[in-house]
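In: okay, sequence plus prediction incoming.
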Amino acid sequence: MLWENLTVKQFEEAVLSTKRVCVLPIGCLEKHGDHLPLGTDMMIARTIVEQTAEAEPIVIFPYYIFGQVSEVKHYAGTVALGGEMQTRLLQEVCKEIRRNGFNKIILANGHGGNNHMLNYFVQTMLDERKDYAVYAYDLWGLSAEQHQQLESRYVTPGEYGHADHMETSEMMHIAPALVHMDRLNPGEWHPTERGRLLADNKTAAGIHWYMEFPNQIAGDPSLATADYGKDYIAFCADNFAKAVRAIKHDASVLELQTQFFDRCDDVSKIR
């Protein structure tokens with residue numbers, strides 16, 4: 001169920017019928033090579049979540065494009081809010097989702113640059129007492145068996161990254177008119193090796209992605225097909241449906257979170 005399409009009465013019914021679970025698909029706006037649209041991550045995330053909802057009813061929050069994408073500010077079309085604003089905005093959105101009746105909020109991530117940010121964000125949910133839980137989930141993860149099935153059905157480059165075979169195939173399935181394979185620049189997807197010093201020394205730096213992939217493409221997309229994209233999305237939706245189902249029927253996270261806050265209060269009462 002799409003939040004924006006519901007009437008007030010339908011919305012109230014949806015809060016209860018979904019067991020108070022709301023999913024917020026989150027992506028970003030950034031360059032995906034020269035052949036894919038800026039909103040690729042958001043479109044893929046939204047498609048996976050909508051397909052998930054067919055198997056496991058959920059309310060889906062409207063498009064949310066304010067992800068962590070500072071490393072792509074050198075290309076037009078990128079929307080990169082500052083870190084403090086990203087966190088504050090997402091906090092306020094989660095509060096509003098809770099005010100509307102949901103006590104389990106799943107941040108369904110479609111952008112690799114959000115990984116660390118969202119994991120940190122869910123940790124900040126322990127800063128103050130809350131009567132709702134926030135979860136982070138990366139939508140693209142497949143099991144080894146699922147990957148093997150795809151590799152047995154299709155000819156692939158066997159490598160993944162960004163604007164790659166996987167994302168290009170998914171967009172061919174979702175919105176083929178937005179994919180421009182004639183604009184590929186062969187070889188741009190190879191790493192420059194300028195970030196080898198950081199990688200070899202297990203060091204992180206904000207500039208690392210730019211050092212290795214300044215053209216915003218990593219992984220060969222030339223063998224992409226819509227059929228591969230359809231099957232990949234189906235696996236992602238099945239996996240997410242299982243996660244949603246588990247979250248719906250689990251009480252331990254909210255119970256232990258309440259216990260945690262109670263114990264925090266007890267510490268402050270020490271005399």
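Out: Noted; the coordinates are in hand.
In: ok, the most centrally placed residue in the chain - contacts?
Out: The centre of the chain sits closest to residue 109, judged by CA atoms, centre = their mean, with a distance of 1.1 Å. Residue 109 makes contact with 26, 27, 45, 115, 118, 136, 137, 138, 139 under the criterion CB atoms under 8 Å, 6 or more residues apart in numbering. Where C-beta positions appear, they are placed from N, C-alpha and C, glycine not excepted.
In: excluding chain neighbours, what is closest to it?
Out: residue 138 (5.0 Å; CB to CB, 6 or more residues apart in numbering).
In: residue 203: which of the contacts of residue 109 is nearest?
Out: residue 115 (17.5 Å; CB to CB).
In: got the phi/psi numbers for the residue nearest to residue 109?
Out: Per-residue torsions, residue 138: phi -90, psi 120 (degrees, to the nearest 10).
In: from what I see, it and residue 113 are in contact.
Out: No - using CB atoms under 8 Å as the test, residue 138 is too far from residue 113 to be in contact (11.6 Å).
In: between these two, which is the more surrounded one?
Out: It is residue 113, of residue 138 and residue 113, that has more neighbours when counted by other CB atoms under 10 Å, with 21 against 17.
In: show me what contacts the closest residue to the more buried one other than its chain neighbours?
Out: Setting aside the residues directly before and after it, residue 113 is nearest to residue 68 in space (CB to CB, 6+ apart), at 4.9 Å. Counting by CB under 8 Å, 6+ apart, residue 68 touches 28, 80, 83, 86, 111, 113, 114, 116, 117.
In: nearest to residue 38, of the residues you listed?
Out: residue 28 (8.7 Å).
In: what distance do you get for residue 104 to residue 238?
Out: Distance, residue 104 to residue 238, by CB to CB, to the nearest Å: 20 Å.
In: and the helix ranked longest in the chain, what does it pack against?
Out: For the chain, the helix with the greatest residue count under DSSP state H is helix 226-249. In terms of contacts (3 or more CB pairs under 8 Å, 6 or more residues apart in numbering; DSSP states H and E), helix 226-249 is packed against strand 21-26, helix 40-55, strand 104-109, strand 133-138, helix 144-153, helix 165-174.
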